[in-house]
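what follows is a predicted structure for the sequence shown.
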Amino acid sequence: AAAAAARSQPHAWAKQPTAGGPSAEGRAAAAEARLTEEREAARRKEKLERKAWRREQKEQLDELLPKATGREAMLEKKALRREQARARDDSPDRVMGMSQADVLGGGDDFQARVRQERERRARAQARRQEELDARR
C-alpha cells in the first residue's frame, strides 16, 4: 500500500508544467537575465569600439606627426631641455626674485660656517658628557 501511495505522488523533478506555462516569477527572471545579457553585450561592444577608435586616432597622429626614435629622439629631448634651461636663465623673474648677495656672490663667510660647526660639535660633546655623568 505504501509503494502504491509513493508511486501516485510524483517527485519534484518529475512534475509536469501547469497548463499556463512557466510561472510569472520564472518569466520575470528569464526576462531579467536576457536584459542583463543584452546590457553586458552592449557594454562589451562599446568598449571594443572605443578601443578601435583610440587605436585609429593614435595611428592618424603618428602619420601626421611621427615620433622620433632612437638617437634622434634623445637629441630632441636634449635640445628641449637646453631651450628650457636657457629660457629659465634669461627670464627677468629669475634675477628680480634673488637678493644682490645671491646674484653678485658674497654673503657666505666660510670662517663663520667653520666656527658655527665647531660650536655645534662642542655643544653636542658637552651634552653627551652630561648624560654620561648623570648615569654614574
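That came through fine.

alpha carbons only for contacts and neighbour counts from here, please
Noted.

output the below-cut-off pLDDT ranges for the chain.
Within the chain, the ranges that satisfy pLDDT under 70 run 1-22, 93-108.

immediately after the lengthiest helix in the chain, which helix or strand?
Counting residues, the longest helix found in the chain (DSSP state H) is helix 24-64. Downstream of helix 24-64, the first helix or strand assigned by DSSP states H and E is helix 70-90.

and that next one, how far from the chain's centre?
Remark: helix 70-90 is offset 28 Å from the chain centroid, using CA atoms, centre = their mean, to the nearest Å.

do the same with stretch 69-88
Taking the mean of its C-alpha atoms, stretch 69-88 sits 27 Å from the chain's own mean (CA atoms, centre = their mean).

output that stretch as CSV, nothing but the C-alphas.
Provided in CSV are the C-alpha atoms of stretch 69-88 (Å, rounded to 0.1, in the frame of the first residue of the first chain):
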residue,chain,number,x,y,z
THR,A,69,63.0,57.2,-32.3
GLY,A,70,66.4,56.2,-31.1
ARG,A,71,69.3,58.7,-31.2
GLU,A,72,67.1,61.3,-32.9
ALA,A,73,64.6,61.2,-30.0
MET,A,74,67.4,61.5,-27.5
LEU,A,75,68.9,64.6,-29.3
GLU,A,76,65.4,66.2,-29.5
LYS,A,77,64.9,65.8,-25.8
LYS,A,78,68.3,67.2,-25.0
ALA,A,79,67.7,70.2,-27.2
LEU,A,80,64.3,70.8,-25.5
ARG,A,81,65.9,70.7,-22.0
ARG,A,82,68.6,73.1,-23.2
GLU,A,83,66.0,75.6,-24.5
GLN,A,84,64.0,75.4,-21.3
ALA,A,85,67.1,76.0,-19.2
ARG,A,86,68.1,78.9,-21.4
ALA,A,87,64.7,80.4,-21.1
ARG,A,88,64.7,80.0,-17.4
